[in-house]
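[1] Take this sequence and fold it.
(chains A and B)
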Amino acid sequence: MSDLICVGAISGAFGVKGEVRLKSFTAEPTGIADYGPLVTEDGKQSFDVTLIRPVKSGFAAKLSGVLTKEEADALRGTRLFAPRDRLPSLPDDEYYHADLIGMMVYDTGGAELGRVKAVLNHGAADLLEIQAPGQSDTVLLPFTLAAVPTVDLASGRIVADPPDGLF
Amino acid sequence: MTRSVWKGPFVDAYVLKKAEASRESGRNEVIKIWSRRSTILPQFVGLTFGVYNGRKHIPVNVSEDMIGQKFGEYSPTRTYYGHAADKKAKRK
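    Residues are numbered from 1 along each chain as shown, chains lettered A, B, ... in the order given. Reported below is the predicted structural model:
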(Lines give C-alpha, C1' and ligand atoms only; values in the text may rest on other atoms or scores of the structure.)
Protein backbone atom coordinates (compact mmCIF):
# COMPACT_ATOMS: atom_id res chain seq x y z
CA MET A 1 0.00 0.00 0.00
CA SER A 2 1.59 3.29 -1.05
CA ASP A 3 1.25 6.47 1.00
CA LEU A 4 0.60 8.70 -1.99
CA ILE A 5 -2.19 8.15 -4.50
CA CYS A 6 -2.22 9.76 -7.93
CA VAL A 7 -5.50 11.69 -8.24
CA GLY A 8 -4.81 13.89 -11.25
CA ALA A 9 -2.40 15.41 -13.73
CA ILE A 10 -1.74 18.82 -15.18
CA SER A 11 -1.95 18.78 -18.95
CA GLY A 12 -0.85 22.38 -19.51
CA ALA A 13 -1.84 25.99 -19.14
CA PHE A 14 -5.39 27.12 -19.74
CA GLY A 15 -5.72 30.68 -20.94
CA VAL A 16 -3.23 33.42 -20.12
CA LYS A 17 -4.12 34.12 -16.49
CA GLY A 18 -2.19 31.32 -14.81
CA GLU A 19 -4.93 28.72 -14.87
CA VAL A 20 -4.10 25.11 -15.64
CA ARG A 21 -5.90 22.35 -17.50
CA LEU A 22 -6.33 19.62 -14.90
CA LYS A 23 -7.19 15.97 -15.59
CA SER A 24 -8.99 14.28 -12.73
CA PHE A 25 -8.62 10.53 -12.09
CA THR A 26 -11.04 10.35 -9.17
CA ALA A 27 -14.31 8.39 -9.31
CA GLU A 28 -16.26 11.65 -9.11
CA PRO A 29 -14.14 14.04 -11.23
CA THR A 30 -14.89 17.14 -9.16
CA GLY A 31 -13.75 15.24 -6.06
CA ILE A 32 -10.11 16.02 -6.81
CA ALA A 33 -10.43 19.44 -5.16
CA ASP A 34 -11.53 17.83 -1.87
CA TYR A 35 -8.21 16.03 -1.44
CA GLY A 36 -6.11 19.21 -1.51
CA PRO A 37 -3.49 20.32 -0.89
CA LEU A 38 -2.05 18.01 -3.53
CA VAL A 39 1.66 17.32 -3.86
CA THR A 40 3.94 16.43 -6.75
CA GLU A 41 5.51 12.97 -6.98
CA ASP A 42 8.77 14.14 -5.34
CA GLY A 43 6.81 15.97 -2.65
CA LYS A 44 8.67 19.25 -3.28
CA GLN A 45 5.66 21.26 -4.40
CA SER A 46 2.21 21.47 -2.88
CA PHE A 47 -0.90 23.07 -4.36
CA ASP A 48 -4.33 24.02 -3.17
CA VAL A 49 -6.73 23.30 -6.04
CA THR A 50 -9.72 25.45 -6.99
CA LEU A 51 -11.77 24.17 -9.90
CA ILE A 52 -13.01 27.01 -12.11
CA ARG A 53 -15.12 25.21 -14.72
CA PRO A 54 -15.17 22.00 -16.74
CA VAL A 55 -13.34 22.19 -20.07
CA LYS A 56 -12.60 19.62 -22.77
CA SER A 57 -10.86 16.60 -21.17
CA GLY A 58 -10.70 18.00 -17.66
CA PHE A 59 -11.12 21.16 -15.66
CA ALA A 60 -9.77 24.68 -15.78
CA ALA A 61 -8.29 25.08 -12.32
CA LYS A 62 -6.38 27.56 -10.25
CA LEU A 63 -3.43 26.24 -8.27
CA SER A 64 -2.05 28.13 -5.30
CA GLY A 65 1.32 29.71 -6.14
CA VAL A 66 0.79 29.51 -9.90
CA LEU A 67 0.11 33.05 -11.10
CA THR A 68 1.30 33.25 -14.70
CA LYS A 69 0.86 31.28 -17.90
CA GLU A 70 4.61 30.52 -17.91
CA GLU A 71 4.43 28.95 -14.47
CA ALA A 72 1.39 26.93 -15.55
CA ASP A 73 3.17 25.81 -18.72
CA ALA A 74 6.16 24.65 -16.69
CA LEU A 75 3.90 22.25 -14.78
CA ARG A 76 2.72 20.45 -17.92
CA GLY A 77 2.82 16.68 -17.36
CA THR A 78 3.05 16.96 -13.58
CA ARG A 79 1.08 14.33 -11.73
CA LEU A 80 -0.67 15.32 -8.51
CA PHE A 81 -0.86 13.06 -5.48
CA ALA A 82 -2.94 12.96 -2.31
CA PRO A 83 -1.87 11.19 0.88
CA ARG A 84 -3.68 7.86 1.36
CA ASP A 85 -4.94 8.88 4.82
CA ARG A 86 -6.97 11.71 3.30
CA LEU A 87 -9.36 9.25 1.64
CA PRO A 88 -12.46 8.71 3.79
CA SER A 89 -12.82 5.36 5.55
CA LEU A 90 -15.15 2.84 3.93
CA PRO A 91 -17.79 0.42 5.25
CA ASP A 92 -17.08 -3.30 5.56
CA ASP A 93 -16.54 -5.18 2.32
CA GLU A 94 -15.70 -2.01 0.43
CA TYR A 95 -12.09 -1.30 -0.50
CA TYR A 96 -10.13 1.28 -2.42
CA HIS A 97 -8.57 -0.05 -5.61
CA ALA A 98 -5.33 1.58 -4.49
CA ASP A 99 -5.31 -0.60 -1.35
CA LEU A 100 -6.05 -3.85 -3.18
CA ILE A 101 -3.47 -3.37 -5.93
CA GLY A 102 -0.20 -5.00 -4.95
CA MET A 103 -1.68 -7.35 -2.32
CA MET A 104 -0.58 -10.98 -2.36
CA VAL A 105 -3.24 -13.61 -3.08
CA TYR A 106 -3.15 -17.06 -1.47
CA ASP A 107 -5.53 -19.97 -1.79
CA THR A 108 -7.26 -21.50 1.22
CA GLY A 109 -4.41 -23.99 1.57
CA GLY A 110 -1.86 -21.18 1.84
CA ALA A 111 -0.32 -21.62 -1.62
CA GLU A 112 0.59 -18.40 -3.41
CA LEU A 113 -1.63 -17.59 -6.40
CA GLY A 114 -0.11 -14.25 -7.34
CA ARG A 115 -0.30 -10.54 -6.83
CA VAL A 116 -3.19 -8.16 -7.59
CA LYS A 117 -2.29 -6.16 -10.68
CA ALA A 118 -5.52 -4.23 -11.20
CA VAL A 119 -9.15 -4.08 -10.18
CA LEU A 120 -11.59 -4.09 -13.08
CA ASN A 121 -15.31 -3.71 -13.44
CA HIS A 122 -16.98 -4.54 -16.73
CA GLY A 123 -20.53 -4.08 -15.53
CA ALA A 124 -20.97 -7.32 -13.58
CA ALA A 125 -19.05 -7.88 -10.30
CA ASP A 126 -15.66 -6.30 -9.61
CA LEU A 127 -12.75 -8.44 -10.79
CA LEU A 128 -9.27 -8.78 -9.37
CA GLU A 129 -6.64 -9.17 -12.07
CA ILE A 130 -4.02 -11.47 -10.62
CA GLN A 131 -0.51 -11.83 -11.96
CA ALA A 132 0.66 -15.34 -11.19
CA PRO A 133 4.39 -15.69 -10.43
CA GLY A 134 6.45 -16.65 -13.46
CA GLN A 135 3.59 -16.24 -15.91
CA SER A 136 2.99 -13.47 -18.41
CA ASP A 137 -0.76 -14.01 -18.56
CA THR A 138 -3.11 -12.75 -15.87
CA VAL A 139 -6.13 -14.40 -14.25
CA LEU A 140 -9.37 -12.60 -13.42
CA LEU A 141 -10.95 -13.49 -10.09
CA PRO A 142 -14.49 -12.31 -9.22
CA PHE A 143 -14.33 -10.09 -6.13
CA THR A 144 -17.18 -11.82 -4.30
CA LEU A 145 -17.56 -13.10 -0.75
CA ALA A 146 -17.54 -16.67 -2.07
CA ALA A 147 -14.40 -16.31 -4.20
CA VAL A 148 -12.52 -13.93 -1.89
CA PRO A 149 -13.47 -14.80 1.70
CA THR A 150 -10.67 -12.83 3.40
CA VAL A 151 -9.07 -9.47 2.69
CA ASP A 152 -6.47 -8.51 5.29
CA LEU A 153 -5.32 -5.00 4.49
CA ALA A 154 -2.97 -4.83 7.47
CA SER A 155 -0.86 -7.78 6.36
CA GLY A 156 -1.44 -7.25 2.63
CA ARG A 157 -2.93 -10.72 2.17
CA ILE A 158 -5.98 -11.88 0.28
CA VAL A 159 -7.27 -15.42 0.73
CA ALA A 160 -9.11 -16.68 -2.33
CA ASP A 161 -11.27 -19.70 -2.96
CA PRO A 162 -11.41 -19.50 -6.76
CA PRO A 163 -14.06 -21.38 -8.72
CA ASP A 164 -12.89 -24.49 -10.58
CA GLY A 165 -11.29 -23.80 -13.93
CA LEU A 166 -9.88 -20.36 -13.14
CA PHE A 167 -6.27 -21.16 -12.18
CA MET B 1 -34.75 -3.32 -35.59
CA THR B 2 -35.84 -5.14 -32.48
CA ARG B 3 -36.34 -8.87 -32.34
CA SER B 4 -39.90 -10.18 -32.68
CA VAL B 5 -41.38 -11.11 -29.31
CA TRP B 6 -42.95 -14.32 -30.59
CA LYS B 7 -39.49 -15.78 -31.25
CA GLY B 8 -38.43 -15.51 -27.62
CA PRO B 9 -34.90 -14.64 -26.51
CA PHE B 10 -32.02 -16.13 -28.45
CA VAL B 11 -29.62 -18.42 -26.60
CA ASP B 12 -27.12 -20.81 -28.14
CA ALA B 13 -28.24 -24.34 -27.25
CA TYR B 14 -24.87 -25.35 -25.83
CA VAL B 15 -24.99 -22.49 -23.31
CA LEU B 16 -28.31 -23.75 -21.96
CA LYS B 17 -26.92 -27.28 -21.80
CA LYS B 18 -23.77 -26.25 -19.95
CA ALA B 19 -25.68 -24.04 -17.52
CA GLU B 20 -28.13 -26.82 -16.71
CA ALA B 21 -25.32 -29.32 -16.19
CA SER B 22 -23.49 -26.92 -13.89
CA ARG B 23 -26.61 -26.21 -11.85
CA GLU B 24 -27.32 -29.91 -11.46
CA SER B 25 -23.78 -30.73 -10.40
CA GLY B 26 -23.84 -27.91 -7.82
CA ARG B 27 -20.12 -27.36 -8.30
CA ASN B 28 -18.56 -23.93 -7.93
CA GLU B 29 -17.12 -23.53 -11.40
CA VAL B 30 -16.70 -21.10 -14.25
CA ILE B 31 -18.78 -22.13 -17.27
CA LYS B 32 -16.64 -21.30 -20.28
CA ILE B 33 -18.67 -20.01 -23.22
CA TRP B 34 -17.81 -18.43 -26.53
CA SER B 35 -21.33 -17.26 -27.30
CA ARG B 36 -21.32 -13.52 -26.69
CA ARG B 37 -24.58 -13.21 -28.60
CA SER B 38 -26.65 -15.29 -26.20
CA THR B 39 -29.25 -13.55 -24.05
CA ILE B 40 -28.95 -13.85 -20.27
CA LEU B 41 -31.94 -15.82 -18.99
CA PRO B 42 -33.44 -15.93 -15.47
CA GLN B 43 -32.17 -19.50 -14.96
CA PHE B 44 -28.57 -18.23 -15.29
CA VAL B 45 -28.79 -16.05 -12.18
CA GLY B 46 -26.18 -17.07 -9.59
CA LEU B 47 -23.94 -18.89 -12.07
CA THR B 48 -20.51 -17.68 -13.15
CA PHE B 49 -19.77 -17.73 -16.87
CA GLY B 50 -16.39 -17.26 -18.47
CA VAL B 51 -17.28 -15.19 -21.52
CA TYR B 52 -14.67 -15.24 -24.27
CA ASN B 53 -13.46 -11.84 -25.45
CA GLY B 54 -11.24 -13.07 -28.28
CA ARG B 55 -8.26 -13.58 -25.99
CA LYS B 56 -9.47 -15.03 -22.71
CA HIS B 57 -12.57 -15.87 -20.72
CA ILE B 58 -13.79 -13.02 -18.53
CA PRO B 59 -15.68 -14.24 -15.42
CA VAL B 60 -19.22 -12.86 -15.32
CA ASN B 61 -21.31 -13.43 -12.19
CA VAL B 62 -24.89 -13.28 -13.38
CA SER B 63 -27.27 -11.25 -11.22
CA GLU B 64 -30.94 -10.43 -11.64
CA ASP B 65 -30.45 -7.01 -13.17
CA MET B 66 -28.48 -8.55 -16.05
CA ILE B 67 -31.43 -10.58 -17.38
CA GLY B 68 -32.23 -9.72 -20.98
CA GLN B 69 -28.76 -8.36 -21.78
CA LYS B 70 -26.24 -10.25 -23.92
CA PHE B 71 -23.19 -11.98 -22.42
CA GLY B 72 -20.88 -10.01 -24.68
CA GLU B 73 -21.81 -6.75 -22.98
CA TYR B 74 -19.95 -7.86 -19.85
CA SER B 75 -16.79 -9.06 -21.57
CA PRO B 76 -15.05 -6.11 -23.25
CA THR B 77 -12.67 -6.84 -26.09
CA ARG B 78 -10.37 -3.92 -25.37
CA THR B 79 -8.43 -3.29 -22.17
CA TYR B 80 -8.42 0.07 -20.45
CA TYR B 81 -7.01 0.30 -16.95
CA GLY B 82 -7.32 4.00 -16.08
CA HIS B 83 -6.19 5.19 -12.67
CA ALA B 84 -7.10 3.67 -9.32
CA ALA B 85 -7.19 7.02 -7.44
CA ASP B 86 -10.16 6.85 -5.04
CA LYS B 87 -12.16 4.23 -6.93
CA LYS B 88 -13.83 1.60 -4.78
CA ALA B 89 -14.58 -2.09 -5.13
CA LYS B 90 -17.38 -3.76 -3.22
CA ARG B 91 -17.34 -7.43 -2.27
CA LYS B 92 -20.84 -8.85 -2.83
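
[2] mind listing the strands for chain B?
    Secondary structure of chain B (DSSP state E): strands at B:30-33, B:48-52, B:57-61, B:88-90.

[3] any idea which element the residue lying closest to residue A:53 once chain neighbours are set aside lies in?
    Leaving out its chain neighbours, the residue that sits closest to residue A:53 by Cβ to Cβ, 6 or more residues apart in numbering or on different chains is residue A:60, at 5.4 Å. Glycine gets a C-beta too; all of them are placed from N, C-alpha and C. Residue A:60 belongs to strand A:58-63 when assigned by DSSP states H and E.

[4] how far away is residue A:157 from chain B?
    15 Å (Cβ to the nearest Cβ, to the nearest Å).

[5] now swap in residue A:47 and tell me
    Applying Cβ to the nearest Cβ to residue A:47 and chain B gives a distance of 17 Å.

[6] Read off the pLDDT value for the spatially most central residue of chain A.
    Closest residue to the average C-alpha location of chain A: residue A:98 at 4.8 Å, with Cα atoms, centre = their mean. Reading off the confidence values, residue A:98 has pLDDT 91.

[7] Just the endpoints, please. Distance across stretch B:25-36?
    24 Å (Cα to Cα, to the nearest Å).

[8] Let me fix that, I meant to ask about stretch A:147-161.
    Start and end residues of stretch A:147-161 are separated by 5 Å (Cα to Cα).

[9] so how far is it off the chain centroid?
    19 Å (Cα atoms, centre = their mean, to the nearest Å).

[10] Would you mind listing the outside residues contacting that stretch?
    Stretch A:147-161 has contacts (Cβ atoms under 8 Å, 6 or more residues apart in numbering or on different chains) with A:1, A:95, A:99-100, A:102-108, A:113, A:116, A:128, A:141-142, A:146, A:162-163, B:28, B:91.

[11] Using PyMOL, define a selection of the buried residues within the residues you listed.
    Buried residues within these, by 16 or more other Cβ atoms under 10 Å in any protein chain shown, are selected in PyMOL with:
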select buried, (chain A and resi 95+99+100+103+104+105+113+116+128+141+142+162+163) or (chain B and resi 91)
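
[12] which ones among the contacts of stretch A:147-161 are found in strands?
    Using DSSP E to define strands, the subset of the contacts of stretch A:147-161 located there is A:95, A:104-107, A:113, A:116, A:128, A:141-142.

[13] Now render these as CSV, adding distance to chain B and pLDDT.
    Output for those, formatted as CSV (distance: Cβ to the nearest Cβ, whole Å; pLDDT from 0 to 100):
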residue, distance to chain B, pLDDT
A:95, 5, 92
A:104, 17, 95
A:105, 14, 95
A:106, 17, 94
A:107, 13, 92
A:113, 15, 93
A:116, 10, 95
A:128, 8, 94
A:141, 7, 93
A:142, 5, 92
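
[14] Residues of chain B that sit close to chain A?
    Residues of chain B lying close to chain A (Cβ under 8 Å from any Cβ of the partner chain) are B:27-30, B:32, B:48, B:50, B:56, B:58-63, B:66, B:73-76, B:81-92.

[15] Filter these down to the buried ones, ChimeraX style.
    Buried subset of the residues of chain B next to chain A, written as a ChimeraX selection, criterion 16+ other Cβ under 10 Å:
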select /B:29,30,48,50,58,59,60,61,62,66,74,75,83,84,85,86,87,88,89,91
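
[16] Nearest spatial neighbour of residue A:12, chain-adjacent residues omitted?
    Residue A:12 sits nearest to residue A:76 (Cβ to Cβ, 6+ apart), 4.6 Å away.

[17] Show the low-confidence segments of chain B, by residue range.
    Nowhere does chain B drop to pLDDT under 70.

[18] Please consider this matter closed, and thank you.
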